[in-house]
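Asker: Okay, structure incoming, though there's no sequence with it:
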């Protein structure tokens with residue numbers, strides 16, 4: 001019975017819900033149908049001349065909307081109408097990942113070597129050089145390991161020693177990453193002017209703890225410059241009086257930057273000269289402002305009229321006497337061959353010839369006496385006075401040679417006897433400093449000839465410069481015994497051969 005009641009109740013509720021739904025649908029449909037429009041009376045208005053005209057019909061309005069439009073809303077509508085129907089949103093550009101540009105290629109070693117020079121700055125005076133230094137020109141080699149003195153392959157004769165450089169003293173980056181960082185580089189050359197121009201470049205390897213050994217001078221080593229030795233050395237009158245060993249001058253390795261050069265070869269100019277002057281005055285104590293060379297006025301005494309030694313200690317040794325006597329012999333021979341700049345213009349030909357002959361014989365006697373004594377043995381004051389008094393009796397010829405003879409005597413003692421050279425007055429030593437300087441400051445400016453150097457531009461144009469590095473250039477320098485005909489000797493090597501330490505592939509040329 002109760003179940004029937006529940007079912008009947010559910011039926012009644014469902015019927016009522018269906019009826020309500022039908023009523024709501026009919027109601028909404030009736031609201032959507034437009035009501036019939038009643039005819040409207042046209043309203044008219046009076047004009048100024050008494051006639052009437054119809055008033056404009058108002059625009060129909062949607063139900064529930066205000067007929068009033070604000071000024072702001074109108075402005076927004078006009079702006080919207082002026083724009084396109086659809087404004088596309090601004091798209092952000094996608095972020096492109098940054099790609100690092102490739103690093104520029106490093107310049108080749110050959111190109112780098114055109115903008116630098118590893119110059120050989122001479123220590124002056126040489127006895128002030130650091131005692132631990134192992135780089136020098138001339139003298140005898142002291143090399144690490146078991147290096148041997150090389151010989152000329154064509155003749156079997158030993159070559160002459162030019163220089164050695166301690167590669168550990170090379171400034172950082174100066175070696176272009178190719179020059180070995182350890183050991184020593186040594187150069188030997190045939191200075192006998194025999195067949196060919198034999199040379200040898202040695203890399204003597206040496207590491208920390210490697211012993212450095214002095215190489216004994218071979219007994220069969222010829223006199224440097226052979227038959228021309230008398231022209232190369234100020235103390236020699238014959239080839240037999242020359243020397244096997246070149247003057248020893250310690251050097252320091254100095255790296256300088258060079259300006260760009262419009263043409264091939266070494267850049268001559270003020271910028272290069274100033275760079276060399278800075279290298280000259282930097283590092284170890286240098287000569288500073290270079291004193292001028294000796295001239296004849298240095299021997300005229302305080303009154304400017306006499307003929308006196310430029311310092312009380314001259315001649316300091318027998319080699320100094322030998323140098324001055326040899327110079328006077330050569331000058332007498334020159335005077336006998338020509339009447340130009342005749343030292344005895346008041347004499348007739350016979351008297352002139354007789355006097356020149358007497359001067360030559362006396363000069364030869366002094367030369368022979370000096371040659372018979374130890375070259376660097378000191379001379380007692382009475383002997384010094386006697387020699388100078390003899391020079392004064394032949395002043396006309398002596399004045400022509402004495403400045404250069406004294407200069408050569410000072411220079412020889414500086415490199416051959418450092419102990420005696422240390423006793424020289426500083427103002428005397430300074431008078432030969434100009435012959436060992438990289439650059440000189442003069443009244444006209446800074447002057448600097450091309451220096452001895454490595455890994456740098458060469459003097460002059462050479463087609464090897466396109467494929468080779470200038471390993472070394474040595475210019476003519478009589479102060480060092482480098483008599484190369486007024487030019488320079490150049491040694492070349494390719495970057496690959498230098499990196500592989502194939503110094504047997506080095507090529508030598510000459511520059512005028």
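Answerer: Sure thing, it's come through. Here the structure is a predicted model, which means the values were calculated and not measured. Numbering: from 1, shown residues only.
Asker: can you list the weak-confidence ranges in the stretch 251-400 of the chain?
Answerer: 283-288 (pLDDT under 70).
Asker: so what's residue 445 closest to, chain neighbours aside?
Answerer: residue 270 (6.8 Å; C-beta to C-beta, 6 or more residues apart in numbering). Yep, even glycine has a C-beta here, placed from its N, CA and C like the rest.
Asker: which ones are touching residue 353?
Answerer: Shown in contact with residue 353 (C-beta atoms under 8 Å, 6 or more residues apart in numbering): residue 336.
Asker: need the helices for the chain, in chain order.
Answerer: Here the chain has its helices, by DSSP state H, at 2-32, 71-82, 109-112, 229-232, 270-281, 318-337, 349-371, 381-393, 395-416, 418-421, 426-429, 495-499.
Asker: buried residues in the last one?
Answerer: Which is helix 495-499. 495, 497, 498 (16 or more other C-beta atoms under 10 Å).
Asker: which residues touch it?
Answerer: 108, 109, 110, 176, 178, 179, 469, 471, 503, 505, 506.
Asker: let's go with 10 Å and repeat that
Answerer: Contact with helix 495-499 is made by 108-110, 113, 175-180, 203, 455, 467-469, 471, 493, 502-507, as judged by C-beta atoms under 10 Å, 6 or more residues apart in numbering.
Asker: Would you mind checking those for buried ones?
Answerer: By 16+ other C-beta under 10 Å, the contacts of helix 495-499 give 109-110, 113, 175-176, 178-180, 203, 455, 468-469, 471, 493, 503, 506 as buried.
Asker: Spell out which two among those are the most distant pair, please.
Answerer: 110 and 203 (20.4 Å; C-beta to C-beta).
Asker: re the thing from before, just checking, which of the contacts of helix 495-499 belong to strands?
Answerer: 203, 469, 471, 493, 507 (DSSP state E).
Asker: Export these to a markdown table and append columns for distance to residue 359.
Answerer: As requested, the ones in strands among the contacts of helix 495-499 are exported to a markdown table (distance: C-beta to C-beta, whole Å):
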| residue | distance to residue 359 |
| --- | --- |
| 203 | 52 |
| 469 | 53 |
| 471 | 49 |
| 493 | 52 |
| 507 | 49 |
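Asker: now the buried residues of helix 495-499 in a markdown table, with distance to residue 352 and pLDDT?
Answerer: Below are the buried residues of helix 495-499 laid out as a markdown table (distance: C-beta to C-beta, whole Å; pLDDT from 0 to 100):
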| residue | distance to residue 352 | pLDDT |
| --- | --- | --- |
| 495 | 64 | 98 |
| 497 | 62 | 98 |
| 498 | 61 | 98 |
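Asker: Tell me the one of the residues you listed nearest residue 291?
Answerer: residue 498 (39.8 Å).
Asker: The closest residue to residue 457 other than its chain neighbours: how many residues sit nearby?
Answerer: Nearest residue to residue 457, sequence neighbours excluded (C-beta to C-beta, 6+ apart): residue 266, at 4.9 Å. Other residues near residue 266 come to 24 when the count uses other C-beta atoms under 10 Å.
Asker: So residue 266 is in contact with residue 276, correct?
Answerer: No - with contacts counted by C-beta atoms under 10 Å, residue 266 stays clear of residue 276, the gap being 11.1 Å.
Asker: what sits in contact with each of the two?
Answerer: 117, 258, 449, 450, 451, 453.
Asker: Which ones among these map onto strands?
Answerer: 117, 453.
Asker: most neighbours, which of the shared contacts of residue 266 and residue 276?
Answerer: That'd be residue 117 among the shared contacts of residue 266 and residue 276, by other C-beta under 10 Å, with 29 neighbours.
Asker: still on that earlier bit, looking at the helices of the chain, which is nearest to residue 306?
Answerer: helix 381-393 (8.6 Å).
Asker: returning to that earlier point: from the buried residues of helix 495-499, pick the one nearest residue 482.
Answerer: Checking these one by one against residue 482 (C-beta to C-beta), the nearest turns out to be residue 498, at 23.7 Å.
Asker: Domain-wise, how is this structure divided?
Answerer: Here the domain parsing of the chain from automatic domain parsing is 107-287+445-512, 291-436.
Asker: Tabulate these (TSV), appending distance to residue 11.
Answerer: Converted to TSV, these look like this (distance: least, C-beta to C-beta, whole Å):
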stretch	distance to residue 11
domain 107-287+445-512	105
domain 291-436	135
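Asker: Would you map the strands across the stretch 101-250 of the chain?
Answerer: 116-122, 136-137, 142-144, 160-166, 184-189, 199-204, 212-214, 249-257 (DSSP state E, counting those that start in this stretch).
Asker: Of the ones you listed, which is nearest residue 238?
Answerer: Across the strands of the stretch 101-250 of the chain, closest to residue 238 is strand 160-166 (C-beta to C-beta), at 19.0 Å.
Asker: Now do the closest one, average pLDDT.
Answerer: Averaged over strand 160-166, pLDDT sits at 98.
Asker: Partner strands of that strand, with direction?
Answerer: Here strand 160-166 is paired, per DSSP bridges, with strand 136-137 (antiparallel), strand 184-189 (antiparallel).
Asker: what residue is smack in the middle of this structure?
Answerer: Among the residues of the chain, the one closest to the centroid is residue 116, at 2.5 Å (C-alpha atoms, centre = their mean).
Asker: Just the buried residues of stretch 365-382, please?
Answerer: Quick answer for stretch 365-382 (16+ other C-beta under 10 Å): 366, 367, 370, 371, 375, 376, 379.
Asker: mind checking the end-to-end distance for it?
Answerer: 18 Å (C-alpha to C-alpha, to the nearest Å).
Asker: List the contacts of it.
Answerer: 235-237, 241, 312-329, 383-387, 390-391, 412-413, 416-417, 419-420, 423.
Asker: now with 7 Å?
Answerer: Stretch 365-382 has contacts (C-beta atoms under 7 Å, 6 or more residues apart in numbering) with 237, 315-319, 321-322, 325-326, 329, 387, 416-417, 420.
Asker: Same question for stretch 481-489.
Answerer: 138, 224-225, 232, 246-247, 459, 473-476, 508, 510-512.
Asker: Now, of the residues you listed, which are buried?
Answerer: Of these, these count as buried by 16+ other C-beta under 10 Å: 138, 224, 225, 232, 246, 247, 459, 473, 474, 475, 508, 511.
Asker: Looking at the residues you listed, which is nearest residue 170?
Answerer: residue 473 (16.2 Å).
Asker: contacting residues for that closest one?
Answerer: With contact set as C-beta under 7 Å, 6+ apart, residue 473 has these partners: 452, 453, 458, 459, 488, 490.
Asker: Now for the last one, how many residues are close by?
Answerer: Here the count is done by other C-beta under 10 Å, and residue 490 has 23 residues near it.
Asker: ok, now the fifth one?
Answerer: By other C-beta under 10 Å, 22 other residues sit near residue 488.
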